[in-house]
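# Sequence unavailable; structure follows:
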Ligand code: SF4
């Protein structure tokens, strides 16, 4: 399958996508806690019907690899009843919604209502499969770094809550439209999607804005808008680490190195989490799993055990610098083995930046020119081409090197970049 054919394909549980290692199924969690039993059964199914590799994506979706045409129906039959996949279009909520504060906007319920309304809407057949909406209830663990077609961020002004509305981008780049009352948030999103699908059927918001900008979208919600100041920018956050919950218990965020883990390792993680009394799992952006509802006393042992299983337990883990797609041979379009190269590059870069504190930044490693796995342009990016590596700095081709020479070059470049 070519990169062109794959572009825009949104694999689901029932319609997985062909890749180099078989079919890939994607599950979209609804945002609430996934019981350990359900996640364990997903791991068992991933091993029985696929190759046992499970990925958590940069948007917090779950991907299962190595399925076949013959095994997909049995996999779907095993996984559908688990309730992990909410199907439909992606309505993202902050990963600890409902758990981390008493100020509860019932955002998960609102997301459910919005998802159902989208599926029922007359515009649904014309909505791009990858279209996404963020419903942000203003949590500490926010989604400002995640790109979406529509963003609704809750904020309180003089004790009154409203949703600030913006389109096409992350929190820094999206185009603001104004604010709406919470009771009109779903209606607002539906009206915007209606305009989007009328102007640009099957396409994304950023494309729809190219013709007439935000004017048609603002006009569509004009009667819903209320006078409010735009929200303040928030500092970046990482889901990796320990987060206090409103019950005085905690959630522990664990990064999956290079975005994937073996199903057996995940099962061992579940067993460890059960042993310390945790309640379940949530997924989070940036390839992270959140184990929720641990007692603070049990946390150090759990974190140590998760680290021993290979999970990233600290936000400054050097493996986080390398964002790699699957690459060859896992992906049929891969021209270099991006994922297999990632650990060597992470090691080389770690050594180099250890001697240059404050240096580093993200390195995006792509098996081909399509550039999966990292939504925004990284300052330092590598694209595989005919078995060699095109190295780009700030969007410009610097040089083409062999796979063998790549780690040393990236280490040298990374040590000259500020974080
Ligand atoms: S960027 Fe990576 S995952 Fe995407 S098509 Fe190319 S090789 Fe495959």
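Structure received. For clarity, every value in this text was computed on a predicted model and none was experimentally measured.
# Low-confidence bits of the stretch 151-300 of the chain, can you list those?
Within the stretch 151-300 of the chain, no stretch has pLDDT under 70.
# Give the burial count for the single nearest residue of it relative to the ligand, as a bare number.
Nearest to the ligand, among the residues of the stretch 151-300 of the chain, is residue 259, at 10.8 Å (Cβ to the nearest ligand atom). The C-beta positions use only the backbone N, C-alpha and C, and glycine is treated the same way. A count of nearby residues for residue 259, using other Cβ atoms under 10 Å, gives 23.
# just checking, it touches residue 53?
No: using Cβ atoms under 8 Å as the test, residue 259 is too far from residue 53 to be in contact (10.2 Å).
# Give the phi and psi angles for the residue of the chain found nearest the ligand, as a check.
The minimum distance from the chain to the ligand, using Cβ to the nearest ligand atom, falls at residue 367 (2.6 Å). Dihedral pair for residue 367: phi -70, psi -20, per degrees, to the nearest 10.
# right, and it touches residue 341 too?
No: Residue 367 is not in contact with residue 341 according to Cβ under 8 Å; the separation is 9.5 Å.
# Which one's more surrounded, these two?
Using other Cβ under 10 Å as the criterion, residue 367 and residue 341 rank with residue 367 on top: 32 against 23.
# about what we covered before: what's the residue of the stretch 151-300 of the chain closest to the ligand sitting at in phi/psi?
phi 80, psi 10.
# again, but for residue 161
Here is the backbone geometry of residue 161 (degrees, to the nearest 10): phi -90, psi 140.
# repeat for residue 262
Per degrees, to the nearest 10, the backbone of residue 262 is at phi -80, psi 140.
# For it, list the residues it contacts.
For residue 262, the contact set (Cβ atoms under 8 Å, 6 or more residues apart in numbering) comprises 52-54.
# what pairs with it across the strands?
Beta bridges link residue 262 to residue 53, judged by DSSP bridges.
# where's it relative to residue 311, distance?
12 Å (Cβ to Cβ, to the nearest Å).
# And for whichever helix or strand residue 348 is part of, what's in contact with it?
Assigned by DSSP states H and E, residue 348 belongs to helix 338-354. The contact list for helix 338-354 (Cβ under 8 Å, 6+ apart) reads 257-258, 260, 318-319, 321-322, 324-328, 330, 359-360, 363, 365-367, 382, 384, 403, 406-408, 410-412, 414-415.
# Show me what counts as buried in that helix.
Within helix 338-354, the residues scored as buried using 16 or more other Cβ atoms under 10 Å are 338-342, 345-346, 348-350, 352-353.
# next one: stretch 90-99
If you call a residue buried by 16+ other Cβ under 10 Å, then stretch 90-99 has these buried ones: 90-99.
# Take those and write them to a markdown table, including distance to the ligand and secondary structure.
Below are these laid out as a markdown table (distance: Cβ to the nearest ligand atom, whole Å; DSSP: H, G, I helix; E, B strand; the rest coil):
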| residue | distance to the ligand | secondary structure |
| --- | --- | --- |
| 90 | 19 | strand |
| 91 | 25 | strand |
| 92 | 22 | strand |
| 93 | 27 | coil |
| 94 | 27 | coil |
| 95 | 24 | coil |
| 96 | 29 | coil |
| 97 | 30 | coil |
| 98 | 33 | coil |
| 99 | 33 | coil |
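# So among the contacts of helix 338-354, which ones count as buried?
Buried members of the contacts of helix 338-354, counted by 16+ other Cβ under 10 Å: 257-258, 260, 318-319, 321-322, 324-328, 330, 359-360, 363, 365-367, 382, 384, 403, 406-407, 410-411, 414-415.
# In strands, which of these fall?
Members of those lying in strands (criterion: DSSP state E): 260, 322, 324, 363, 365-366, 382, 384.
# And residue 324, how far from residue 167?
From residue 324 across to residue 167, the span is 30 Å (Cβ to Cβ).
# for residue 69, same thing?
On the measure of Cβ to Cβ, residue 69 and residue 167 end up 39 Å apart.
# Over to residue 29?
With Cβ to Cβ as the criterion, residue 29 and residue 167 are 24 Å apart.
# surely residue 290 meets residue 284?
Yes: using Cβ under 8 Å, residue 290 is in contact with residue 284, at 5.4 Å.
# my guess is residue 328 meets residue 367, correct?
Yes: here residue 328 reaches residue 367: they are 5.7 Å apart, a contact under Cβ under 8 Å.
# okay, and the common contacts of these two?
Common neighbours of residue 328 and residue 367, using Cβ under 8 Å, 6+ apart, are 334-338, 384.
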